[in-house]
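K.L.:
I'll drop the sequence and a predicted model, then ask my questions.
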Protein chains: 2
Amino acid sequence: MSTSGFTNSSFTESGLLEHGGKLRQAALRYGIALEEWLDLSTGINPNGWQKALPPISTWARLPEDEDGLHRAACDYYAAQDVLPVAGSQAAIQALPRLYTRRSVAVLAPSYNEHAHAWLRAGHYVDLICAEQLHTAIDDHDVVVVVNPNNPTGVCFDVTMLLEWHQRLAARGGCLIVDEAFMDGTPDDSLSAYSDREGLIVLRSLGKFFGLAGARVGFVLAEKKQLHVLAQELGPWTISGPARWLATQVLEDYSWQTIMREQLKQQSQRLHSLLSDAQLIPDGGSLLFQSVLTMQATIIHQQLAGQGILTRLFETPARLRFGLPANEQEWQRLQQTLLDLDVSLAELSA
Amino acid sequence: MSTSGFTNSSFTESGLLEHGGKLRQAALRYGIALEEWLDLSTGINPNGWQKALPPISTWARLPEDEDGLHRAACDYYAAQDVLPVAGSQAAIQALPRLYTRRSVAVLAPSYNEHAHAWLRAGHYVDLICAEQLHTAIDDHDVVVVVNPNNPTGVCFDVTMLLEWHQRLAARGGCLIVDEAFMDGTPDDSLSAYSDREGLIVLRSLGKFFGLAGARVGFVLAEKKQLHVLAQELGPWTISGPARWLATQVLEDYSWQTIMREQLKQQSQRLHSLLSDAQLIPDGGSLLFQSVLTMQATIIHQQLAGQGILTRLFETPARLRFGLPANEQEWQRLQQTLLDLDVSLAELSA
């Protein structure tokens, strides 16, 4: 229950945290051309929404708040109010600045920008594993959960989360739930409860909609809280074309329904394929499968040597696999994993 | 030399500052359909760079730093180092957070987000008019200048600015120059000197390139300062498609050369046209003309009644006119101004 588990090894030279999706760096390191890689290092839907491009006029004019995005987001999330932000990352960084020094429990392992941001803003941060979180609720002012969790795939039950929120809110505390990977399973979301004081839900268009480049996310919370955050973030945080695209995808319910079904099948296929290669996932979401293994580093390197980029987590050693985009990529992953299987047997021999 | 000149009247209900480009609100207020307006309320080039749209792949992937944007910007600005940011607005908000409490002189009237951001971060802010700025240099830790200034069009000489910077830097102070409207007159820029300690130059693609919707700007400063700011802002602040577009426009030197010449002619035409209507500009840039007049509010309302939106500044009373986009718009503005001329004569009678 200290910050000691928050290692500096995950920082880059620039002082920013290391993330997945660093394909260019891998291409240089392994001497494999960019276009030859199968990039499974992100949890981004490889078949995202690509029906239309924003009109050129959206690039020219300053973005305006009254363009329909707010309404589309409230409807999609079944939320009373939302604040569009430049990716949930923008909210992750700004929220800690809205509080004076607090005692903060952050789920670990999970998306590492949460702990980073609260530490940076001068708060006391404890990293808490999923199993111990329920006991940490009463000792902290702010509790940050990622649901479903990334990279472990651990899911938290709605009833339990609402009970945690109630305990926190009764003391003036706050529960923050990062639902970046929730779009495939909306019944598990807290978004419909986000008007309750002391509850903040973060959503993103990056993963399910496959629009990580757009930098669009949403904060769902009571109106007063959103007002304070809007002032902190200032005007025009999202590009005009991204606002246009976001409005389209949030209103495209038929695409969403079909995509949920597709991702369920693909996620199951990835689970089976990894299991067949003796890499049995211990968790996952619709967009990734996660494998806890002492050999994570070696497997990561071997796959990279074959031009397949996965995401490596070092503490604890874990590999995360995103979804292949098409049948050719599925076949390539399967064949490479089967070849790898021999090495794995050798390693454990 | 106090903050009293910084009126609250310019705040909207949301607590954000009021800006130009609020066409939707004007359309509602004056009962004129959106598409019927001639919007001259911004200083944005109405014939901006529109040669190509970003490929759809840029929407899907997380933006990456190593995509060529940094190099293109260093070349275009003739700067040692730059930090791409989500519009200069992002830097305006973040820079004050990097300093402990300072005494800050901000040019006034000018772009009002500067004073707002320094006040918000808890600094002492004095609003200083252009004529008195040279005496304020030695009494302040940070001096913020907009050059050419918006909305007055006042220009500051490079040699004088460098001398101000030297006086500030000698005491550990900092000169911040917002060059959002500088692209038409690059010889007046401090960008080539921006590696000097205590000098920060802000640039933007919004105005000259006509890409206000893209949210791309740049901070030019010494490497150490940029590093600290990058940590404050965090990863992926600019959308992937906007990074792609920004790289194209910064490298399109032939478009830039032609556009500078076009804007010079159009700016001169706007000056003549306003002068002919007895609205003699007291300042301007290549992208706007600015008219100081006690009748600013009435003229603003009369023009809006005819579907022409200008930008009204209340203290002191001033109207800013952006450039019409085509010959039809030029004719419409000219005719409306001539009709207005009668009313002006009546007003002053």
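P.N.:
Cool, the structure landed.

K.L.:
and the helices in chain A?
P.N.:
A:23-30, A:57-60, A:69-77, A:88-94, A:113-120, A:133-136, A:158-170, A:223-233, A:240-251, A:253-276, A:296-305, A:327-348 (DSSP state H).

K.L.:
quick one: closest of these to chain B.
P.N.:
Among these, helix A:240-251 comes nearest to chain B, with 2.9 Å by CB to the nearest CB. (Glycine included, C-beta is placed from N, CA and C.)

K.L.:
how about residues contacting the closest one?
P.N.:
Here helix A:240-251 makes contact (CB atoms under 8 Å, 6 or more residues apart in numbering or on different chains) with A:49, A:51-55, A:58-63, A:67-69, A:72-73, A:75-76, A:84, A:205, A:209, A:211, A:214-216, A:238, A:255, B:59, B:212-215, B:239, B:241-242.

K.L.:
that older thread, make TSV out of the helices of chain A and add mean neighbour count and mean pLDDT.
P.N.:
Shown next, in TSV, are the helices of chain A (neighbours: other CB atoms under 10 Å in any protein chain shown; pLDDT from 0 to 100):
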stretch	mean neighbour count	mean pLDDT
helix A:23-30	15	89
helix A:57-60	20	94
helix A:69-77	20	98
helix A:88-94	24	97
helix A:113-120	21	96
helix A:133-136	16	94
helix A:158-170	16	98
helix A:223-233	17	97
helix A:240-251	24	98
helix A:253-276	15	97
helix A:296-305	18	94
helix A:327-348	14	79
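
K.L.:
so which bits of the stretch 101-250 of chain A are right by chain B?
P.N.:
Proximity of the stretch 101-250 of chain A to chain B (CB under 8 Å from any CB of the partner chain) is limited to residues A:113, A:117, A:206, A:210-215, A:227, A:230-231, A:234-242, A:245.

K.L.:
let's see that with 10 Å instead.
P.N.:
Residues of the stretch 101-250 of chain A lying near chain B by CB under 10 Å from any CB of the partner chain: A:113, A:116-117, A:120, A:205-206, A:209-216, A:226-228, A:230-245.

K.L.:
quick one, grab the pLDDT at residue A:22.
P.N.:
Among the per-residue scores, residue A:22 holds a pLDDT of 78.

K.L.:
that one and residue A:312 touch, don't they?
P.N.:
No: if you go by CB atoms under 10 Å, residue A:22 and residue A:312 don't touch, sitting 11.0 Å apart.

K.L.:
list residues touching both of these two?
P.N.:
Common contact partners of residue A:22 and residue A:312 (CB atoms under 10 Å, 6 or more residues apart in numbering or on different chains): residue A:41.

K.L.:
can you pull the pLDDT of the spatially most central residue of chain A?
P.N.:
Central residue of chain A (CA atoms, centre = their mean): residue A:180, 4.3 Å from the mean position. Listed pLDDT for residue A:180 reads 97.

K.L.:
show me the contacts for the closest residue to it other than its chain neighbours.
P.N.:
Leaving aside its sequence neighbours, residue A:180 sits nearest to residue A:204 (CB to CB, 6 or more residues apart in numbering or on different chains; 4.5 Å). By CB under 10 Å, 6+ apart, the residues touching residue A:204 are A:85, A:87-89, A:91, A:178-183, A:211-212, A:214-218.

K.L.:
model confidence score at residue A:204, please.
P.N.:
In this model, residue A:204 is scored at 98, pLDDT.

K.L.:
in the sheet, who's paired with it?
P.N.:
Beta-bridge partners for residue A:204, by DSSP bridges, are residue A:217.

K.L.:
and if you look at residue A:290?
P.N.:
Beta-bridge partners recorded for residue A:290 (DSSP bridges): residue A:283, residue A:320.

K.L.:
so residue A:146 makes contact with residue A:43?
P.N.:
No: contact criterion CB under 10 Å: residue A:146 and residue A:43 do not qualify, at 11.5 Å.

K.L.:
those two: who's more crowded?
P.N.:
More crowded of residue A:146 and residue A:43, by other CB atoms under 10 Å in any protein chain shown: residue A:43, with 29 against 26.

K.L.:
pretty sure that one is touching residue A:207, no?
P.N.:
Yes: taking CB under 10 Å as the definition, residue A:43 is a contact partner of residue A:207 at 5.6 Å.

K.L.:
intersection of neighbour lists for the two?
P.N.:
Common neighbours of residue A:43 and residue A:207 (criterion: CB under 10 Å, 6+ apart): A:150, A:180, A:181, A:285, A:286, A:287, A:288, A:322.
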